[in-house]
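Chemist: my questions concern the predicted model and sequence given below.
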Amino acid sequence: AHSVAGTITQTGVHAAGIVISDEAAVSKHLPLMWSDDVNAWKTQCEKEDVENQGCLKFDFLGLKTLDIITLTLRAIKKNYGLSIEVDDIMETFDKKVFENIFQKGLTDDIFQFSSPGMKDILKSFKPETINVLILLNAVYRPGPIDFIPDILKSKNGETKPKYIVDGMDAILDETYGFPVYQEQIMSLFELAGFSVGEADNIRRLMSKKKTEKFLKYQYSTDGHKGFVDGMMEKGASEKDALELWDSLVSFSKYAFNKSHSTTYAILAYVTAYLKYYFPAEYEAAYLSVKPDEIAEIVSKKDDFSLKYILPDINRAEYDFVAEKNRKIVIGFKAIMGFGDGSIETINQIVAKRQEKPFTSVKDLLLRTNVDKKMLIGLIKSGALDKVIPSRKIFFKEYDENETVLEHLMSLTGKVRKDIGTSKESESINEFYSFDFEIFNLTDSQEEKLGFENENLGTCISADLIDIYEQNGCFVSDTVVGQVQKVFGLVHDVNVIIDK
């Protein structure tokens, strides 16, 4: 067992780590191996060994949030003719954005502030400045999250920070007396008499969780200065200096880089600003980047009264589109059956309808390369409602072997194959002579919503719950201590068979 202990069993790739060398060939410093997963070279050692060999490792984060911001600004320009730059948004921090987005916890789709726990904290903290957002972004993580109640008490004036030497207030006032940022802990060490270089080395030990090396700086030795001794020289009692040291040891395990938190908080503010002043454009951009969240976003209750429109074959685009009057047209990308590989067909649909709008499902099939999977998605999502008699008619049995849709696609395939041949006219005549409207079926509201929920993951044209008697309340509206009837919609069931 000892011979295999510590053996590497698998390798991975850092999501954003880039190694920089002073040589054109990084292999002169480090052993490399090819990764098929990311289609790139990766080092055969961990980040500590990378740095020990004289290379630098930087994390370059690619954020979908930046795409959301870009798409929102483009939509604003298209709808209102306004050219807004991100720098313009950050020139002044708008009080209304803090009051109507952050203080109310309406942050389901706001970068770094969307979790239920964070929304509760926002409602308690009621942030009024960007500095509070920076603070919350830094402390809302395992470890420092336990200090949030104490920080809130200090913010509200219920407790007062304890500053044991002059100068601590200038360092810790912005975080209500608690050492939250790595930069603050560096400054406290400088206050205790450490040089900037020494304080930065200690910060590096903290950020890399090398606690055992950090602890040696508690008292002075022949080799280095001590924090407790330094604070006592500034006038603190040994008891107070030790208490401060213990708090620093606790916070050092989790202290966050303020510059990192600041960048994230500013991005969060920018997204909140766009959501408050241009809610339709922002939500359309958000769902264009994260279409898998459509059910959560569409069903949320907020103050913006957005109206979501079913995808329409003669109106929808690949992405979600914001229209005036706070309307959002669902994009083709949200339809089951339209993946990344369908972009060419979608572009074809858009180009053909610009020449002439589609007038029927047959017109669509003859003028585009829509396949069976795409057609099912278009029908169930409601994208063809204006050009077909009903949705369910296509899933009715045509004969013992085929549904109406399957027979229609069979005829379509024959036409596409025979175009340009002597059989073209015959195939087209057979295609157009197929009259599926003879079945004379109509969709009930429940059937339409069922199709939408199945294909889009949510109901758009109405709320499925609305068709049932609502003599109860939502789970979120229940009152502790009261017996109440609740109702809701089960989206998924996972059956687990235990031992």
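Modeler: Received, thanks.

Chemist: against which helices or strands is the helix ranked longest in the chain packed?
Modeler: For the chain, the helix with the greatest residue count under DSSP state H is helix 258-277. In terms of contacts (3 or more C-beta pairs under 8 Å, 6 or more residues apart in numbering; DSSP states H and E), helix 258-277 is packed against helix 64-80, helix 86-91, helix 95-97, helix 130-139, helix 182-191, helix 279-289. Where C-beta positions appear, they are placed from N, C-alpha and C, glycine not excepted.

Chemist: residues in contact with the fifth one?
Modeler: The set of residues external to helix 182-191 that reach it, using C-beta atoms under 8 Å, 6 or more residues apart in numbering, is 165, 167-168, 171-172, 175, 179, 196, 198-200, 202-203, 206-207, 217, 227, 230-231, 234, 244, 248, 251-252, 255-259.

Chemist: surely Gly54 is within a helix?
Modeler: No - with DSSP: H, G, I helix; E, B strand; the rest coil as the criterion, Gly54 is coil rather than part of a helix.

Chemist: ok, which stretches of the stretch 301-450 of the chain are strands?
Modeler: 307-309, 321-323, 327-329 (DSSP state E, counting those that start in this stretch).

Chemist: if we can go back for a sec, nearest to Ala383, out of the helices and strands packed on helix 258-277?
Modeler: Closest approach to Ala383 among those (C-beta to C-beta): helix 279-289, 16.0 Å.

Chemist: and the angle from that closest one to helix 258-277?
Modeler: Put simply, helix 279-289 runs at 120 degrees to helix 258-277, going by axes from the mean of the first three to the mean of the last three C-alpha atoms, to 10 degrees.

Chemist: how far does helix 279-289 sit from the chain's center?
Modeler: Taking the mean of its C-alpha atoms, helix 279-289 sits 12 Å from the chain's own mean (C-alpha atoms, centre = their mean, to the nearest Å).

Chemist: can you state the direction angle for that helix and helix 64-80?
Modeler: Going by the same axes, to 10 degrees, helix 279-289 makes 140 degrees with helix 64-80.

Chemist: what residues does the helix or strand just after helix 279-289 touch?
Modeler: As assigned by DSSP states H and E, the chain's next helix or strand after helix 279-289 is helix 294-299. Outside helix 294-299, the residues within contact range by C-beta under 8 Å, 6+ apart are 108-109, 283, 286-287, 308, 330, 334, 456-458, 460, 491.

Chemist: which one is Asp240 nearest to, not counting chain neighbours?
Modeler: Distances taken as C-beta to C-beta, 6 or more residues apart in numbering put Ile164 closest to Asp240, at 4.2 Å, once the chain neighbours are dropped.

Chemist: touching, that neighbour and Lys239? I think so.
Modeler: No - using C-beta atoms under 8 Å, Ile164 makes no contact with Lys239, being 9.4 Å away.

Chemist: between the two, which one's more packed in?
Modeler: Taking other C-beta atoms under 10 Å, Ile164 and Lys239 do not tie; Ile164 has more neighbours (16 against 9).

Chemist: where's that one, which helix or strand?
Modeler: Using DSSP H and E, Ile164 falls outside every helix and strand.

Chemist: need the contact list for it.
Modeler: Met231, Gly235, Ala236, Ser237, Asp240, Ala241, Leu244.

Chemist: repeat for Phe113
Modeler: For Phe113, the contact set (C-beta under 8 Å, 6+ apart) comprises Phe102, Thr107, Lys119, Leu122, Leu133, Leu136, Asn137, Ala268, Ala272.

Chemist: surely it is in a strand?
Modeler: No - secondary structure assignment (three-state DSSP) places Phe113 in coil, not in a strand.

Chemist: follow-up on the earlier one: which one of the helices and strands packed on helix 258-277 lies closest to Thr11?
Modeler: Closest approach to Thr11 among those is made by helix 64-80 (26.3 Å; C-beta to C-beta).

Chemist: ok, residues contacting that closest one?
Modeler: Helix 64-80 has contacts (C-beta under 8 Å, 6+ apart) with 82-86, 111, 267, 270-271, 274, 278, 281-282, 284-286, 288-290, 319, 321-324.

Chemist: quick revisit: ok, and the most crowded of the contacts of helix 294-299?
Modeler: Ile330 (30 neighbours).

Chemist: wouldn't that one be in contact with Ile309 here?
Modeler: Yes - counting by C-beta under 8 Å, Ile309 is a contact partner of Ile330 at 6.6 Å.

Chemist: list residues touching both of these two?
Modeler: Counting by C-beta under 8 Å, 6+ apart, the residues touching both Ile330 and Ile309 are Ile460.

Chemist: may I see the buried residues of the lowest-mean-pLDDT helix or strand in the chain?
Modeler: Within the chain, no helix or strand scores below helix 211-214, which has a mean of 74 by mean pLDDT, DSSP states H and E. Neighbour counts using 16 or more other C-beta atoms under 10 Å place Phe214 of helix 211-214 among the buried residues.

Chemist: next: stretch 116-125.
Modeler: Met118, Lys119, Ile121, Leu122, Phe125.

Chemist: Glu183: neighbouring residues, count only.
Modeler: Using other C-beta under 10 Å, Glu183 has 18 neighbouring residues.

Chemist: returning to that earlier point: out of the buried residues of stretch 116-125, who's nearest Thr478?
Modeler: Nearest to Thr478 among the buried residues of stretch 116-125, with distances taken as C-beta to C-beta, is Lys119, at 18.1 Å.

Chemist: the closest one contacts Asp109, correct?
Modeler: No - using C-beta under 8 Å, Lys119 is not in contact with Asp109; the gap is 11.5 Å.

Chemist: quick one: Lys414 and Ser425, what's the gap?
Modeler: When distance is defined by C-beta to C-beta, to the nearest Å, Lys414 is 12 Å away from Ser425.

Chemist: name the residue in these two with the higher neighbour count.
Modeler: More crowded of Lys414 and Ser425, by other C-beta under 10 Å: Lys414, with 16 against 10.

Chemist: poorly predicted segments of the protein, please.
Modeler: 1, 208-211, 301, 464-471, 476, 489, 491-492 (pLDDT under 70).

Chemist: still on that earlier bit, format the helices and strands packed on helix 258-277 as a markdown table; extra columns: distance to Asn39.
Modeler: Formatted as a markdown table, the helices and strands packed on helix 258-277 follow (distance: least, C-beta to C-beta, whole Å):
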| stretch | distance to Asn39 |
| --- | --- |
| helix 64-80 | 20 |
| helix 86-91 | 31 |
| helix 95-97 | 41 |
| helix 130-139 | 33 |
| helix 182-191 | 35 |
| helix 279-289 | 23 |
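
Chemist: what pairs with the closest residue to Lys47 other than its chain neighbours across the strands?
Modeler: Counting by C-beta to C-beta, 6+ apart, Lys47 lies nearest to Lys57, which is 5.1 Å off, once chain neighbours are set aside. Beta-bridge pairing for Lys57 (DSSP bridges): Val19.

Chemist: run a quick neighbour tally on the residue lying closest to Met90 once chain neighbours are set aside.
Modeler: Take Met90 and drop its neighbours on the chain: the residue closest to it by C-beta to C-beta, 6+ apart is Ile266, 6.2 Å away. Counted with other C-beta under 10 Å, the neighbours of Ile266 add up to 19.

Chemist: try Ser250
Modeler: So Ser250, with other C-beta under 10 Å, has 15 neighbours.

Chemist: tell me which element it falls in.
Modeler: Assessed by DSSP H and E, Ser250 sits inside helix 238-252.

Chemist: roughly how far out does that helix sit from the chain middle?
Modeler: The chain centroid and the centroid of helix 238-252 are separated by 37 Å under C-alpha atoms, centre = their mean.

Chemist: so which elements touch it?
Modeler: In terms of contacts (3+ C-beta pairs under 8 Å, 6+ apart), helix 238-252 is packed against helix 182-191, helix 211-214, helix 227-233.
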